[in-house]
Structure formats: structure tokens, C-alpha cells
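1. Sharing a model that was predicted from the sequence below.
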Amino acid sequence: MEMRNKRSNEIRTPRLGAKVGERVMLGTEPVALVKSGETRDTMSLGEMAEALYGPGTQCLIIPPTPEKRKAV
């Protein structure tokens, strides 16, 4: 799976690259901005997990740590 392009806010599927939405910030939380015709809404990672696995699902997010530069 390819990592998200940091220059683009598009969210795409890993296999065929179909556009799912756009990454936007809602306060301090990144969420997906999803459009269907004229309707727009946002979906958080927690809401996506509940939609996939059912109510009460919890997810633990461990962001990647930036690589530390090695002194030469």
C-alpha cells in the first residue's frame, strides 16, 4: 500500500486509486470530507471503524514517528 502523498489531500483506495474523499481538519482532528452530489459531510476514523465493524468499536491510533537524522 502506498503512503498518502503529503502534497495532496485526496483520500484514495489503495488498489485502484478511486477517490473516496478529501482530508480536512475538523478542529484538531483530521477527517474525511465526503461528497455525494450536492451533499457534503465529514467522517472521522472512529466513525469509519464503527461503520465497518459495528457500534462500540474503538480504534487506537499510533502515528508514525519522524525518522531521526543520524549525525555524520
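-> Sure thing, it's come through.

2. any low-confidence regions in the protein?
-> Scanning the chain for pLDDT under 70 picks out 1-6, 68-72.

3. how does it look with 80?
-> 1-7, 66-72 (pLDDT under 80).

4. can you give me the strands for it?
-> Secondary structure of the chain (DSSP state E): strands at 10-12, 19-26, 29-36, 39-43.

5. Out of the ones you listed, which is closest to residue 57?
-> Shortest distance between residue 57 and the strands of the chain, using Cβ to Cβ, is found for strand 39-43: 13.8 Å. Using the backbone N, CA and C atoms, a C-beta is placed for each residue, glycine as well.

6. The closest one pairs with which strands, parallel or anti?
-> strand 29-36 (antiparallel) (DSSP bridges).

7. Touching the strand it pairs with from outside, list them.
-> By Cβ atoms under 8 Å, 6 or more residues apart in numbering, the list of residues contacting strand 29-36 from outside reads 11, 20-25, 40-45, 48.

8. which of these sit farthest apart?
-> For the contacts of strand 29-36, the farthest-apart pair by Cβ to Cβ is 40 and 45; their separation is 18.3 Å.

9. Turn the contacts of strand 29-36 into TSV, including neighbour count and distance to residue 56.
-> Listed next are the contacts of strand 29-36 as TSV, based on neighbours: other Cβ atoms under 10 Å; distance: Cβ to Cβ, whole Å:
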residue	neighbour count	distance to residue 56
11	18	25
20	12	24
21	18	24
22	16	28
23	13	26
24	13	26
25	11	26
40	11	27
41	12	22
42	16	21
43	17	17
44	14	15
45	13	15
48	15	14
